[in-house]
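**Student:** structure here, sequence nowhere to be found:
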């Protein structure tokens, strides 16, 4: 496959079957390899769409500074597109994220502003909103509320899935900004009435939720409950276990949040198999495991790895 | 047998610092009413105007109860209910 530039190669990622993890011949699991995007994650799609839209709207002009609360993949994707398009990039991220992320962001030219670990991403969002108010000339694309984030998936990820798997019965993905699930979910619901759209939400250790005030929680503006069939909370131990099973059984080296999505996908698969139904369940490999090696998630026993990632944001 | 309810740190002042408490009921709403008898104030922090508060997530055996009928969601002995504050997630 030949493309004029890196950005032109975005998307059109492979969909691969998981014959060993599928519970029966009639219930099949499929993985969409989003780590095969230019910077190695599904976030390249949203980053590209959000920047293109901001350019069309006249918000972004050469030399502009982009500001975003992001602890990783979105920042890396935005920094790459920003570099190629001539923008400066500032990321606000919690201080307890992995060393690889910081190095990658800096390599692609982003400046990093740290927010306190205790507040997690909620705090990063709050800090970024404050910085945006102080610098009115900076452009915050705001992935949690930017319709171009969901539209990227409505226009690309969704149609790709349907083209490769017309018989799709379930779509499962991690729930963060909710962009993937909202975009793909809306598209597939239009094309395949009755399809099940399933969210896998990471459940962290207590440190992450500890100081959270119940009246100041966070629900992304993009989130529309009616697009989902259901939503699962996946604890870190289950996500880790599935991440390893994916490598062990199918040879796929994925990030930990993918283990969470696989956990929900396998739950739906077991349910279908038990009910004697046919199913084609597609889920998203959001990124590969490289960026998480320093967390210790891939070393030693599962119990050791669980201890190491306690208190870390793994998705 | 009863229903186990996991309490987030922020609400443990109402449960004498217990991480998990037990209760009964045939629906989530009944369970919360039952818990409120022993842990007064819990219901008010979770429910507003007959609905779960916006920034509270409640999971029944890891599934979001908003997709299972909300406060009407049927619960049974042996189930695990987890209460968590809504967060923005991690590495986005």
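**Tutor:** Cool, the structure landed. No experiment lies behind these values; they were computed from the predicted model shown.

**Student:** what does chain B put close to chain A?
**Tutor:** Counting by CB under 8 Å from any CB of the partner chain, chain B comes close to chain A at B:8-11, B:45, B:53-57, B:59, B:62-64, B:66-68, B:82, B:84-92. For every residue, glycine as well, the C-beta is placed using N, CA and C.

**Student:** show me these that map onto strands.
**Tutor:** If you go by DSSP state E, the residues of chain B next to chain A have B:56-57, B:59, B:63-64, B:82, B:84-85 in strands.

**Student:** nearest to residue A:251 among these?
**Tutor:** Proximity of those to residue A:251 (CB to CB) peaks at residue B:63, which lies at 30.2 Å.

**Student:** beta partners for that closest one?
**Tutor:** residue A:232, residue B:60 (DSSP bridges).

**Student:** that one: what's it in contact with?
**Tutor:** Shown in contact with residue B:63 (CB atoms under 8 Å, 6 or more residues apart in numbering or on different chains): A:230-233.

**Student:** now stretch B:48-60: buried residues?
**Tutor:** Residues of stretch B:48-60 classed as buried: B:52-53, B:55-60 (neighbour count, 16 or more other CB atoms under 10 Å in any protein chain shown).

**Student:** now for the ones in strands among the residues of chain B next to chain A, which pair is the farthest apart?
**Tutor:** Longest span within those, CB to CB: B:63 and B:85, 17.8 Å.

**Student:** show me the shaky parts of chain B.
**Tutor:** B:1, B:88-92 (pLDDT under 70).

**Student:** grab the longest helix from chain A for me.
**Tutor:** Across chain A, the longest stretch assigned as helix under DSSP state H is helix A:256-274.

**Student:** what about residue A:149, how many neighbours?
**Tutor:** Neighbourhood size, residue A:149 [other CB atoms under 10 Å in any protein chain shown]: 29.

**Student:** can you flag the buried ones in the residues of chain B next to chain A?
**Tutor:** Burial by neighbour count, 16+ other CB under 10 Å: within the residues of chain B next to chain A this picks out B:8, B:10-11, B:45, B:53, B:55-57, B:59, B:62-64, B:66-68, B:82, B:84-92.

**Student:** all helices of the stretch 51-200 of chain A, in order?
**Tutor:** Using DSSP state H, counting those that start in this stretch, the helices of the stretch 51-200 of chain A run over A:73-85, A:99-107, A:120-134, A:147-152, A:158-164, A:179-191.

**Student:** for chain B, find the nearest of those helices.
**Tutor:** helix A:120-134 (3.6 Å; CB to the nearest CB).

**Student:** can you give me the buried ones in the closest one?
**Tutor:** A:120-128, A:132.

**Student:** now, which of those lie close to chain B?
**Tutor:** By CB under 8 Å from any CB, the members of the buried residues of helix A:120-134 lying near chain B are A:120-122, A:124-125.

**Student:** residues in contact with the residue nearest to residue A:52 when sequence neighbours are not counted?
**Tutor:** Excluding the flanking residues, the one nearest residue A:52 by CB to CB, 6 or more residues apart in numbering or on different chains is residue A:148, at 7.4 Å. By CB under 8 Å, 6+ apart, the contact set of residue A:148 is A:46, A:49-50, A:52-54, A:141.

**Student:** try 7 Å
**Tutor:** A:49-50, A:53 (CB atoms under 7 Å, 6 or more residues apart in numbering or on different chains).

**Student:** which part of chain A gets nearest to chain B, residue-wise?
**Tutor:** Closest residue of chain A to chain B, CB to the nearest CB: residue A:217 (2.6 Å).

**Student:** does that residue count as helix, strand or coil?
**Tutor:** Recorded secondary structure, residue A:217: coil (DSSP: H, G, I helix; E, B strand; the rest coil).

**Student:** can you give me the helices in chain B?
**Tutor:** B:28-38, B:42-46.

**Student:** got these as JSON lines, with distance to residue A:307 columns?
**Tutor:** Output for the helices of chain B, formatted as JSON lines (distance: least, CB to CB, whole Å):
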{"stretch": "helix B:28-38", "distance to residue A:307": "31"}
{"stretch": "helix B:42-46", "distance to residue A:307": "31"}
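
**Student:** next step: the contacts of residue A:148 restricted to strands.
**Tutor:** Going by DSSP E, the strands hold none of these.

**Student:** show me which of these is closest to residue A:80.
**Tutor:** Within the contacts of residue A:148, the smallest distance to residue A:80 is 12.9 Å, found for residue A:50 (CB to CB).
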